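Student: no FASTA, just this:
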């Protein structure tokens, strides 16, 4: 779920932070990932609000159930944004001291995490549809 994705994101950002001395472009990569995940969270929230507004108001009790679901989505989005803001506010040198696990991520693990997180993006999930069309 959400916690697993945040742990993977944190592990990837931790790997990028640890290796900034060897490759300066990793600083940009770290900032790009944080910005992209923040944008994705914002877009997901906007889609939830739009689908809320597109609902037919004559549906009654089903509509109130959707309001609760949208509230849950908004709450989850806010918790993701708070997580990303806490990472932004943390200086890169302090970030490595905030590790969740004592295990470090190596290059192969970082590549696997990037592939997994990329597979969760909408384009990757709809790739089969694009191929069939």
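Tutor: Great, that's in hand. Just so we're clear, the structure is a prediction, and the values are computed from it rather than from any experiment. Numbering: from 1, shown residues only.
Student: how about the contacts made by the spatially most central residue of the chain?
Tutor: Among the residues of the chain, the one closest to the centroid is residue 37, at 4.2 Å (Cα atoms, centre = their mean). Residues near residue 37 by Cβ atoms under 8 Å, 6 or more residues apart in numbering: 9, 80, 84. Where C-beta positions appear, they are placed from N, C-alpha and C, glycine not excepted.
Student: can you list these in JSON lines and add pLDDT, secondary structure and distance to residue 129?
Tutor: Listed next are those as JSON lines, based on pLDDT from 0 to 100; DSSP: H, G, I helix; E, B strand; the rest coil; distance: Cβ to Cβ, whole Å:
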{"residue": "9", "pLDDT": "88", "secondary structure": "helix", "distance to residue 129": "26"}
{"residue": "80", "pLDDT": "86", "secondary structure": "helix", "distance to residue 129": "26"}
{"residue": "84", "pLDDT": "86", "secondary structure": "helix", "distance to residue 129": "29"}
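Student: ok, and the most crowded of those?
Tutor: Neighbour tally across the contacts of residue 37 (other Cβ atoms under 10 Å): the maximum, 21 neighbours, falls on residue 80.
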